[in-house]
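Undergrad: need a structure here:
(one chain, ligands or ions: 1)
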Amino acid sequence: MNLIFVGPPGVGKGTIAKMIVEKFKIVQISTGDLLRAAVKEGTGLGKKAKEYMDKGDLVTDDLVIGLLKERIAKPDCENGFILDGFPRTIPQAEALDESGVEIDTVLNFTALKETIIQRLSGRRICKKCGAIFHITNIPPKIEDVCDKCGGELYQRDDDKIEAIVNRLIVYKKQTAPLIDYYKNKGKIVDINAELPLKEIFENSIGALE
Ligand code: AMP
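TA: Here you go, the predicted model:
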């Protein structure tokens, strides 16, 4: 089962991906997570990527495509994967097609702009295990502490309002054209991400079975 999740930042792709991978025993590949790991490690790629990420701009296609291809070649991807945050441009989608990877379904998560801003600005992430929380929608039992591993929760720099506004503009301009790209291939299923988390999850599973 090879899936792609598209949708604006903050729509809930990462949260739903984590629930789906658990159910279907496949892996989640988030290019955002891979890039943040490279930034943290201070690799050459991480240094190049950081400037773009801090502003909420897209990292260049060549860097991200290289990173993704390397990840997808690992043995744990054999059972299937969810691409969460990739492709984000038409050239990235074309590179994926050219690599021979077969995609079964593309879930397109949709929500209102106000919902997205509310979700992004309240999002908190565990420094240790990457679990995703929200100060009001998915609050941790103890403030700023991860329920799963006890790690410290933090707010991503690009979840601050100036970067959020730019990320939404970038999404509309560079990523939204992918919806038609995959529609033309008959692979898109729309998922209403305004609904409560449990229903989004159930509808996502329904689209895959
Ligand atoms: P995300 O965690 O998916 O919201 O990604 C965080 C940031 O990483 C984005 O705002 C981009 O700067 C960068 N990024 C992640 N995935 C991609 C991609 N497929 N293409 C270009 N930049 C990306």
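
Undergrad: For Leu34, which non-adjacent residue is closest in space?
TA: Leaving aside its chain neighbours, Leu34 sits nearest to Leu67 (5.4 Å; criterion: Cβ to Cβ, 6 or more residues apart in numbering). All C-beta atoms are positioned from the backbone trio N, CA, C, and that covers glycine.

Undergrad: Against which helices or strands is the helix or strand encompassing the one you found packed?
TA: Element membership of Leu67 [criterion: DSSP states H and E] is helix 61-72. With contacts defined as 3 or more Cβ pairs under 8 Å, 6 or more residues apart in numbering; DSSP states H and E, helix 61-72 has these neighbours: strand 27-30, helix 31-41, helix 44-55, helix 90-98.

Undergrad: Alpha carbons only: can I get the second one in PDB?
TA: So that's helix 31-41. Presented in PDB, the C-alpha positions along helix 31-41 are these (Å, rounded to 0.1, in the frame of the first residue of the first chain):
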ATOM      1  CA  THR A  31      10.100  15.000   4.200                       C
ATOM      2  CA  GLY A  32       9.600  17.700   6.700                       C
ATOM      3  CA  ASP A  33      10.800  15.400   9.500                       C
ATOM      4  CA  LEU A  34      13.700  14.200   7.400                       C
ATOM      5  CA  LEU A  35      14.700  17.800   6.700                       C
ATOM      6  CA  ARG A  36      14.400  18.800  10.400                       C
ATOM      7  CA  ALA A  37      16.600  15.900  11.300                       C
ATOM      8  CA  ALA A  38      19.200  17.000   8.800                       C
ATOM      9  CA  VAL A  39      19.000  20.600  10.200                       C
ATOM     10  CA  LYS A  40      19.500  19.200  13.700                       C
ATOM     11  CA  GLU A  41      22.500  17.100  12.700                       C
END
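
Undergrad: Give me the buried positions along it.
TA: Of the residues in helix 31-41, 31-32, 34-36, 38-39 count as buried by neighbour count, 16 or more other Cβ atoms under 10 Å.

Undergrad: next one: stretch 159-170
TA: For stretch 159-170, burial by neighbour count (16+ other Cβ under 10 Å) applies to 159, 163-164, 167-168, 170.

Undergrad: Other residues contacting that stretch?
TA: With Cβ atoms under 8 Å, 6 or more residues apart in numbering as the test, stretch 159-170 has contacts from 8-10, 54-58, 113, 116-117, 120-121, 123, 157-158.

Undergrad: Distance of the residue of the chain found nearest the ligand relative to Arg88?
TA: The nearest approach of the chain to the ligand comes at Gly32, 2.0 Å away (Cβ to the nearest ligand atom). Distance of Gly32 to Arg88, given as Cβ to Cβ, to the nearest Å: 10 Å.
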